[in-house]
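Colleague: Let me see the structure of the following:
(2 chains)
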Amino acid sequence: MTDWLSPDEWQAVRLSLRVSLWATAASLPLGVLVAYALARWEFWGKQILNGIVHLPLILPPVVTGYLLLLTFGRQGFVGRFLDEWFGLVFAFRWTGAALAAAVMAFPLMVRAIRLAVEAVDPKLEQAAGTLGASRPWVFATVTLPLILPGIIAGMILAFAKAMGEFGATITFVSNIPGETQTLPSAIYAFLQVPGGEAQASRLVVVAIILATAALLLSEWVSRAVARRIGGA
Amino acid sequence: MSFAIRLRHGFPGFDLDVAIEAGPGVTALFGRSGSGKTTIVNAVAGLLRPQAGRVVADGVVLLDTERGLCLPVHRRRIGYVFQDARLFPHLTVRQNLLYGRWFTGKGGARDPGRIVDLLGIGGLMDRRPGGLSGGERQRVALGRAILADPRLLLMDEPLAALDEARKAEILPYLERLRDDLRVPILYVSHSLAEVARLATTVVLLEGGRVTAAGPAQDILSDPTTATGLGLREAGALLTARLVAQEADGLSRLESGAGPVWLPRMEAELGSQVRLRILAQDVMLALLRPEGVSALNILPCVVQDIRLGEGPGALVRLTVGPETLLARVTRRSVAALGLAPGLPVFAVLKAVSVAQENVGRVA
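Modeller: Reported below is the predicted structural model:
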């Protein structure tokens, strides 16, 4: 298997997996919080929050990438602050690729979880309250288990989106082999040089396999969870 | 254990202003939809915050708007059995039952095994709510509420979503809970049959006010309140003891009103039962009728007569220590010359007491 791909190609695949896993895992808590807030709470600026969350879905990815560069780049106001105080650098690092992937995948994750939260009957949460469960406990023992299928669906969607992210990533963190050259960036790079078609097509096959596997996994997991919850 | 509720809350076009006090047993809140029953129950549970009020259960103040005290739902320890069972679909029956015990601490005061036996749900423990029948679900919901060790148990029309057969299945369990547990139960219903069977105390509600409150037997056999209950459903409660199962399929009962024969009932010999005798099933005669098929002829005295707006009248009768209601026409009242103090015979067909109107008494 290792011989089948060159070290460069492997590097791109491994980096893509790492970027996507981090993007998904790190944005999950925020995703659940935002989805819950949008589904259940009434607050000032709810529509604005909803708009911001969905913006990456509608904006050209290049625009999102450029906005990320302005904010999280070394000269950007958030980027400079994070660098000075926490030593956390996004610009032209794999962490930046993960950030770009997370931002692009966020609307998909939130949508899936929000739908799941809306499907939970608040009457069940009320019943849990009368049985002595405080708000956080109600969330942990009733809401969270019931929205688990939505969370899993959202995570897999987000992971798949992160694996395929190209425009915002290349704009924000460029295309540095071994640091920010993810699978799509690598395919693009190979296609730019004469004779790179063979390498590109090998990576295309890998991309297809990973995407299909994610899809099958999500189907299987959500069916297993649904059986557990709704089953007799 | 007892509880006291005083609430005032204004809705657009409707004001609720009630004071209710009751001890152990079942206190039935009876009234039409829109009379404020569910509002009261929700305010006691803490799901609704009333504009003014005070709720005390088992000596603990749960709400006192004057002192600005309002315990959150989860700290009130008020059990709530909803019309829709609201079992947690992702948990098994066992996990549902024990849910409240995670939070009551001290491992819960009640023995789950006993409650499970009492409700007959031992065979369902490892199943999930999705596969249970409506009646089974409601029994599990009852057990779940009780095992959270509540100070007061609220039941908001727990049988309303079930068909007649399922209701008949659950009622005996509710009677057992009423008699075996020390927890007071506040029971919301608009079914007089349920109230007659379960209630120790009855509170009548109309337009957000309490119109009558007192022991079930008094309220249900009072012709003045009976009109508020719905004339067709009016009927008195009679307590009787089962003394014999006779060979031809009848049961003989001994009551304060004398012996009563009814179709065979399944109860232990010597046990006390509560009979609901519908006013429209009672016929009146001036002389002891002879040559009639009706088995039960009880000598009574007319206590009072309430003429209705239509052609009917409700006659309250005294039979020894007991009270009966008879619904007759105004024409019959005139023809028989019925008046307070007149001795009459109440005639009751044995088959007219339906099985659902026979309940048990502790």
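
Colleague: going forward, measure contacts between C-alpha atoms and count neighbours the same way
Modeller: Fine.

Colleague: In three-state terms, label the nearest residue to B:Arg49 once chain neighbours are set aside for me.
Modeller: Nearest residue to B:Arg49, sequence neighbours excluded (C-alpha to C-alpha, 6 or more residues apart in numbering or on different chains): B:Ala43, at 5.9 Å. What DSSP: H, G, I helix; E, B strand; the rest coil gives for B:Ala43 is helix.

Colleague: Likewise for the one 4 residues further on?
Modeller: Using three-state DSSP, the structure places B:Leu47 in coil.

Colleague: how far away is it from chain A?
Modeller: Counting by C-alpha to the nearest C-alpha, to the nearest Å, the separation of B:Leu47 from chain A is 8 Å.

Colleague: Can you verify my assumption that B:Cys340 contacts B:Val315?
Modeller: Small correction: residue B:340 is Pro, not Cys. No. Using C-alpha atoms under 8 Å, B:Pro340 makes no contact with B:Val315, being 9.3 Å away.

Colleague: Comparing these two, which residue is more hemmed in?
Modeller: Neighbours were counted for B:Pro340 and for B:Val315 using other C-alpha atoms under 10 Å in any protein chain shown; B:Val315 has more, 28 against 14.

Colleague: Can you check the pLDDT for the more buried one?
Modeller: At B:Val315, the pLDDT value in this model is 90.

Colleague: Is it correct that the residue nearest to B:Arg49 is in contact with B:Gly53?
Modeller: No. With contacts counted by C-alpha under 8 Å, B:Ala43 stays clear of B:Gly53, the gap being 9.2 Å.

Colleague: secondary structure class for the nearest residue to B:Arg182 once chain neighbours are set aside?
Modeller: Sequence neighbours aside, B:Pro24 is the residue nearest to B:Arg182 in space, at 6.4 Å (criterion: C-alpha to C-alpha, 6+ apart). Assigned by three-state DSSP, the conformation of B:Pro24 is coil.

Colleague: hang on, the earlier thing: overlap of the contact sets of B:Pro340 and B:Val315?
Modeller: Common neighbours of B:Pro340 and B:Val315, using C-alpha atoms under 8 Å, 6 or more residues apart in numbering or on different chains, are B:Val302, B:Gln303, B:Asp304, B:Ile305.

Colleague: Show the contacting residues for the third one.
Modeller: Think B:Asp304. B:Asp304 neighbours (C-alpha under 8 Å, 6+ apart): B:Val315, B:Arg316, B:Leu317, B:Ala339, B:Pro340.

Colleague: rewinding a little: check contacts around the residue nearest to B:Arg182.
Modeller: B:Met1, B:Ser2, B:Arg182, B:Val183, B:Pro184, B:Ile185.

Colleague: beta partners for the one residue in the stretch 201-350 of chain B that gets nearest to chain A?
Modeller: Closest to chain A within the stretch 201-350 of chain B is B:Val203: 23.8 Å, counting by C-alpha to the nearest C-alpha. B:Val203 has these beta-bridge partners by DSSP bridges: B:Leu29, B:Ala213.

Colleague: ok, it - contacts?
Modeller: Taking C-alpha under 8 Å, 6+ apart as the criterion, B:Val203 is in contact with B:Ile20, B:Thr27, B:Ala28, B:Leu29, B:Phe30, B:Val210, B:Thr211, B:Ala212, B:Ala213, B:Gly214.

Colleague: can you pull out the helices in chain A?
Modeller: Counting by DSSP state H, chain A has helices at residues A:7-40, A:46-58, A:61-72, A:77-86, A:94-119, A:122-130, A:135-138, A:144-164, A:167-173, A:183-192, A:197-230.

Colleague: and the third one with helix A:77-86, angle?
Modeller: Using axes from the mean of the first three to the mean of the last three C-alpha atoms, to 10 degrees, one finds that helix A:61-72 and helix A:77-86 are set 40 degrees apart in direction.

Colleague: Could you list the low-pLDDT ranges of the chain?
Modeller: Here I'm looking at chain A. Scanning chain A for pLDDT under 70 picks out A:1-3, A:229-232.

Colleague: look at chain B instead
Modeller: B:105-109, B:226-231, B:362.

Colleague: Distance of the residue nearest to B:Arg49 relative to B:Val203?
Modeller: Using C-alpha to C-alpha, to the nearest Å, we find B:Ala43 at a distance of 17 Å from B:Val203.

Colleague: now do A:Gly154
Modeller: 51 Å.

Colleague: next one: A:Ala133
Modeller: Distance of A:Ala133 to B:Val203, given as C-alpha to C-alpha: 31 Å.

Colleague: Could you double-check that A:Ile187 lies in contact with A:Arg202?
Modeller: No. Counting by C-alpha under 8 Å, A:Ile187 does not reach A:Arg202; the two are 9.1 Å apart.

Colleague: Looking at the two now, which is surrounded by more residues?
Modeller: Between A:Ile187 and A:Arg202, counted using other C-alpha under 10 Å, the more crowded position is A:Ile187 (22 against 15).

Colleague: Next, count neighbours for the nearest residue to that one once chain neighbours are set aside.
Modeller: Excluding the flanking residues, the one nearest A:Ile187 by C-alpha to C-alpha, 6+ apart is A:Ala200, at 4.9 Å. Burial of A:Ala200 is recorded as 21 neighbouring residues (other C-alpha under 10 Å).
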